[in-house]
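Engineer: here you go, sequence then predicted model.
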Amino acid sequence: MKNVCNLVSDLVDYALSHKLIEKEDIAYSVNRIIEKLGVPDYAPDEHQPETELEPILKGLCDYAVEQGICEDSVVYRDLFDTAIMGQLTPRPSEVVRKFDEFYKTSPEKATDYFYKLALDSDYIRTYRVKKDLKWKTSSEYGEIDITVNLSKPEKDPKAIAAAKLLPQSGYPKCLLCHENEGYAGNAGKPARQTLRQIPMTMVGKQWYLQYSPYVYYNEHCIALSGEHTPMKIDRSTFVKLLDFVELFPHYFLGSNADLPIVGGSILSHDHMQGGHYTFAMERAQIEEKISFNGFENVEAGLVKWPMSVIRLRSNDKNALVELADKILLAWRGYSDESAFVFAETDGEPHNTITPIARTSGGKPELDLVLRNNITTAEHPLGVFHPHAKLHNIKKENIGLIEVMGLAVLPSRLKNEIEQLCDAVLNGKNISDIEDIAKHAEWFDEFKNNYRFTKENVREIIENEIGKTFVKVLEDAGVYKRTADGKSAFLRFVDYVNKI
């Protein structure tokens, strides 16, 4: 009992030192936590306090498991320790009040406070995020970011079985609904007692700002609609993007496309993603200046990038919105058989845009990435999608984050990289090893280019994975980086000018 009381004491001290609570909240916070733990008497003793959050929460979860309060699985432990931290996380109204106070000083001060809260409250589990594999790969398009996502825990069979037995509930309707703020969660839905959101008005409607619990880059945030409405890219999207970067000029904001294959994983709830990070696509230069009739005050150009990007920049926000909308509407209905671009087949629309906004050189800037989700018998997952020979590295959709030059690769690659390194160093036949046989043909393409050693094998494998991701982006580009591809891209620009 002494040990658990010491852990409770350490946790409350942690909350106090990280300004989650004030000194007047100490007794109240202790009582809320020991109630959750079923501890009848609180009597911590003199001890060397633990200051790191991960071992404190692990100890409390271990106690809860021993007492039969919590099942011993990652899903139930996450539900339990989030409930504990929820007792220490400031109420939404207090968070909003403090955010607004900091915003009066500067937008960056406000987001600094809000992001720190997400970290300190354990909403973002930094001890998991740091386990993600990350490296950079040089390319003709600049330095590309590669990540292997390990921070999102996989559900164990017990939790999966329990989730199937839960009564079907439409509350919250999805993981992005505002109603998740403070939600306890269950075996089928994550706990969100530590989630906090900042209300915003965008295009006259209620929106909210929050952070992603699985941060792929610095201050990875989400702007989400207060209404559970489907993703849709239209004129209002550009207004919202530019309004947001005016509110937070140190952040970018972008939207996944609104069609399957080329869109994000959640198309049922309108949302955008942003943050405080410079992606390779932002650093990419204009390689061909273009112009649009009637928009002489808008700088425009084609970006040197594996995907097909039109960049617009102007101090005139209205002109940016009007031109972006004109390009979107033109693209929605545009076909060019010689470039295998079809606006629709059998009544199914194929063309849409992935838009990204930022402030550049003091001016609002929009990148419009042309997308098309047509499929064929040869490419059933999408013509402008990672082709089959690259699926050993990346098979999933290419969404907003990857469009900008940050690969989010599947967690399976962690073990596969280790097995590949072992096989290479020990002369094993990759084709004979079940987990990595899929990589055999891929490895054969570059194996003779290197002399592998214990010191360099992993770096080589990681670098080749990065090169493969660049090819993934090239597959996803509608207009290829060839003379014919550039001509086809400029035909579309001419088409916009003729409307």
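Structural biologist: Nice, thanks for sending it over. Residues are numbered from 1 along each chain as shown.
Engineer: next, name the residue at the spatial heart of the chain.
Structural biologist: The centroid of the chain falls nearest to residue 216 when counting by C-alpha atoms, centre = their mean (5.5 Å).
Engineer: quick one: contacts for it?
Structural biologist: When contacts are counted by C-beta atoms under 8 Å, 6 or more residues apart in numbering, residue 216 is found next to 147, 149, 401, 406, 408. All C-beta spots, glycine's among them, are computed from the backbone N, C-alpha and C.
Engineer: residue 253 against residue 273, yeah?
Structural biologist: Yes: counting by C-beta atoms under 8 Å, residue 253 touches residue 273, with 7.3 Å between them.
Engineer: for the two, list the residues in contact with both.
Structural biologist: With C-beta under 8 Å, 6+ apart, residue 253 and residue 273 have common neighbours residue 223.
Engineer: now stretch 296-311: buried residues?
Structural biologist: Neighbour counts over stretch 296-311 (16 or more other C-beta atoms under 10 Å) mark 298-311 as buried.
Engineer: and it, how far apart are its ends?
Structural biologist: By C-alpha to C-alpha, to the nearest Å, the extent of stretch 296-311 from end to end equals 14 Å.
Engineer: give the rounded mean pLDDT of it.
Structural biologist: Per-residue pLDDT over stretch 296-311 has a mean of 98.
Engineer: please apply the same query to stretch 127-144.
Structural biologist: Per-region confidence: stretch 127-144 scores 95 on mean pLDDT.
Engineer: got the buried residues for it?
Structural biologist: Counting neighbours by 16+ other C-beta under 10 Å, one finds that the buried residues in stretch 127-144 are 129, 132, 133, 135, 137, 139, 141, 142, 144.
Engineer: what's the most distant pair in those residues?
Structural biologist: In the buried residues of stretch 127-144, the most distant members under the criterion C-beta to C-beta are 129 and 141, with 26.2 Å between them.
Engineer: quick one, helices of the stretch 101-250 of the chain?
Structural biologist: Per DSSP state H, counting those that start in this stretch, the stretch 101-250 of the chain has helices spanning 107-120, 126-129, 157-165, 235-247. These are given in chain order.
Engineer: hmm, I was thinking of the stretch 251-400 of the chain
Structural biologist: Using DSSP H, counting those that start in this stretch, the helices found in the stretch 251-400 of the chain span residues 280-283, 317-332, 400-403.
Engineer: just to revisit the earlier point, who wins for most neighbours among the contacts of residue 216?
Structural biologist: residue 401 (23 neighbours; other C-beta atoms under 10 Å).
Engineer: quick one: it and residue 274 touch, right?
Structural biologist: No: counting by C-beta under 8 Å, residue 401 stays clear of residue 274, with 10.6 Å between them.
Engineer: just to revisit the earlier point, return the most buried member of the helices of the stretch 251-400 of the chain.
Structural biologist: Ranked by mean neighbour count under mean count of other C-beta atoms under 10 Å, the helices of the stretch 251-400 of the chain are led by helix 400-403, which reaches a mean of 24.
Engineer: helix or strand right after that helix?
Structural biologist: Elements were assigned by DSSP states H and E; along the chain past helix 400-403, the next helix or strand is strand 406-409.
Engineer: and the contacts of stretch 437-453?
Structural biologist: Applying C-beta under 8 Å, 6+ apart, the set of residues contacting stretch 437-453 is 389, 391-393, 416, 420, 424-425, 430-431, 456, 460, 464, 468.
Engineer: are any of the residues you listed buried, and which?
Structural biologist: Applying the neighbour count, that is 16+ other C-beta under 10 Å, the buried entries in the contacts of stretch 437-453 are 392, 393, 416, 420, 424, 430, 460, 464, 468.
Engineer: and the pLDDT for the closest residue to the second one other than its chain neighbours?
Structural biologist: Leaving out its chain neighbours, the residue that sits closest to residue 393 by C-beta to C-beta, 6 or more residues apart in numbering is residue 468, at 4.6 Å. Note for residue 468: predicted pLDDT of 98.
Engineer: could you say which helix or strand contains residue 468?
Structural biologist: helix 457-476.
Engineer: now do that helix: which elements does it pack against?
Structural biologist: With contacts defined as 3 or more C-beta pairs under 8 Å, 6 or more residues apart in numbering; DSSP states H and E, the secondary structure elements packing on helix 457-476 are strand 133-139, strand 142-148, helix 400-403, strand 406-409, helix 412-425.
Engineer: state the distance from the spatially closest residue to residue 72 that is not a sequence neighbour to residue 59.
Structural biologist: If you skip the residues right next to it in sequence, residue 72 has residue 65 as its closest partner in space, 4.6 Å away by C-beta to C-beta, 6+ apart. Here residue 65 is placed at a distance of 11 Å from residue 59 (C-beta to C-beta, to the nearest Å).
Engineer: for stretch 199-208, the averaged confidence score.
Structural biologist: The average pLDDT within stretch 199-208 is 95.
Engineer: closest one to residue 280 out of the contacts of residue 216, please.
Structural biologist: Proximity of the contacts of residue 216 to residue 280 was ranked by C-beta to C-beta; the top entry is residue 406 with 7.8 Å.
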